[in-house]
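**Student:** When you get a sec, could you give me coordinates for this:
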Amino acid sequence: MFENVSIDLIVTAMAGAAALAMAYTLWRGFLYKDPYEARLKAMAERRAVYKAAALGVGGRPGAQPVKGVLRNLAKKVGKGSQQKKKDGVSLRTFLARAGIRHKDAPEYFLLAQVAFPFIFGALTAIYILLLAKLSLSPTMALLVCAGGAAVGYLAPRLWVKNRITKRKKALRRSLPDALDLLVVCAEAGLALNAALDRVVREMTRSSPEIADELGLLLIELNFLDERRKAFANLCDRSDLDEFRSIANTLQQAEKYGTPLAQAMRVLGADFRQERLTKAEEKAARLPAILTVPMIVFILPCLFIVIIGPAILKTIDSLSRL
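**Tutor:** This is a model prediction of the structure:
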């Protein structure tokens, strides 16, 4: 009886949690907030940080003391997170490539990697022992729980990598349009900083990813002591060959006096041609990719339709003998 009551309580709690999650989702959907305001606020904070560093003012402008148990725990777990390496880069750079630039992001990431194995392992144990009631040996149950803990450890990193992949696709998709707009601004007589500012303001709503990267580049160009560092940071944040080409072209244009509009027009044409080439490659691979599904799913049905009636008639004729 106690076991049945505990299972009923668990099911009721899960149903209540699902109902609360659905209500919260609907509430957030009706109270949609334009991310434009948040991006402007983030840009203003980053500009204030670089301005304070350029003026030699100590401390982070507008910094507030850490509050909350979760943030304190994240701070304790994430000590020295600046030196942590993920895929050969610092943890902060790894998260920045996914568009996560919060100052406490590395600490929260490490806290998730520490906490999620215990959470996933506990949920796996609850499922196999109480909900599914699987008759597993202790060794097998322990292995299943360990597998759930391993999934919990890998989940934050896989989530960040998925965001990085999606962000790279968005940047590649909108980069030619940004270059075309930059060419128009350069031909209108604007300098590089003014042209970048115009591109950021025009593409903030249509392509927030490219506006975010170019906005940070503009801030660093204004406040860093060397413009070369700003272009190097852009390449590290994006991790794209296209941005490395843009950075090299802009540096050469400033160094040798090459017309900016001409260089950007050539780069934009190259990027569009590269995107068209990749689309043609995907189209050329399509017949080979469809071969296996056609053999597995279509040909058996075709054989049944063609040969099935003949087999049925043969069986019927033999049964009359």
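
**Student:** contacting residues around D180?
**Tutor:** G268 (C-beta atoms under 8 Å, 6 or more residues apart in numbering). Placement of C-beta: from N, CA and C, glycine included.

**Student:** meant to ask about G147
**Tutor:** With C-beta under 8 Å, 6+ apart, G147 has these contacts: T124.

**Student:** what do you get if the cut-off is 10 Å, keeping everything else the same?
**Tutor:** With contacts taken as C-beta atoms under 10 Å, 6 or more residues apart in numbering, G147 has the following neighbours: F120, G121, T124.

**Student:** just so I have it, where are all the helices in the stretch 201-321 of the chain?
**Tutor:** Secondary structure of the stretch 201-321 of the chain (DSSP state H, counting those that start in this stretch): helices located at 208-223, 227-238, 241-256, 260-293, 299-319.

**Student:** tell me the phi and psi of the residue nearest the centre of the chain?
**Tutor:** Centroid-nearest residue in the chain: R163, 0.9 Å away (criterion: C-alpha atoms, centre = their mean). R163 adopts backbone torsions of phi -70, psi -40, taken as degrees, to the nearest 10.

**Student:** Hmm, A98 and it touching each other?
**Tutor:** Yes. Using C-beta atoms under 10 Å, R163 is in contact with A98, at 3.8 Å.

**Student:** How about the secondary structure of K168?
**Tutor:** In terms of secondary structure, K168 is helix; the call rests on DSSP: H, G, I helix; E, B strand; the rest coil.

**Student:** What is the burial count for it?
**Tutor:** Neighbours of K168 under the rule other C-beta atoms under 10 Å: 17.

**Student:** Is it correct that it is in contact with R237?
**Tutor:** No. K168 lies out of contact with R237 (C-beta under 10 Å); the separation is 11.2 Å.

**Student:** okay, and the common contacts of those two?
**Tutor:** The contact sets of K168 and R237 overlap at R97 (C-beta under 10 Å, 6+ apart).

**Student:** Show me what counts as buried in stretch 247-258.
**Tutor:** Residues of stretch 247-258 classed as buried: A247, T249, L250, A253 (neighbour count, 16 or more other C-beta atoms under 10 Å).

**Student:** pLDDT and distance to D225 added to the residues you listed, as CSV?
**Tutor:** Listed next are the buried residues of stretch 247-258 as CSV, based on pLDDT from 0 to 100; distance: C-beta to C-beta, whole Å:
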residue, pLDDT, distance to D225
A247, 85, 17
T249, 82, 22
L250, 81, 18
A253, 77, 20
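
**Student:** Let me have these in a markdown table, adding distance to R173 as columns.
**Tutor:** As requested, these are arranged in a markdown table below (distance: C-beta to C-beta, whole Å):
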| residue | distance to R173 |
| --- | --- |
| A247 | 19 |
| T249 | 20 |
| L250 | 21 |
| A253 | 25 |
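
**Student:** So of the residues you listed, which two are at opposite extremes in space?
**Tutor:** Spanning the widest gap among the buried residues of stretch 247-258 are A247 and A253, at 10.8 Å by C-beta to C-beta.

**Student:** circling back: how near is the residue nearest to the centre of the chain to G99?
**Tutor:** To G99, R163 is 7 Å away according to C-beta to C-beta, to the nearest Å.

**Student:** And K255, by the same measure?
**Tutor:** 31 Å.

**Student:** Model confidence for F118, exactly?
**Tutor:** At F118, the pLDDT value in this model is 90.

**Student:** From what I see, it and L111 are in contact.
**Tutor:** No. Between F118 and L111 there is no contact under C-beta under 10 Å: 11.7 Å.

**Student:** higher neighbour count, these two?
**Tutor:** It is L111, of F118 and L111, that has more neighbours when counted by other C-beta under 10 Å, with 21 against 12.

**Student:** The more buried one: what secondary structure?
**Tutor:** At L111 the chain is in helix, as set by three-state DSSP.

**Student:** ok, it touching I119?
**Tutor:** No. Using C-beta under 10 Å, L111 is not in contact with I119, being 11.6 Å away.

**Student:** Which residue ranges make up each domain of this protein?
**Tutor:** Residue ranges for the domains of the chain, per automatic domain parsing: 2-19+68-168, 170-276.
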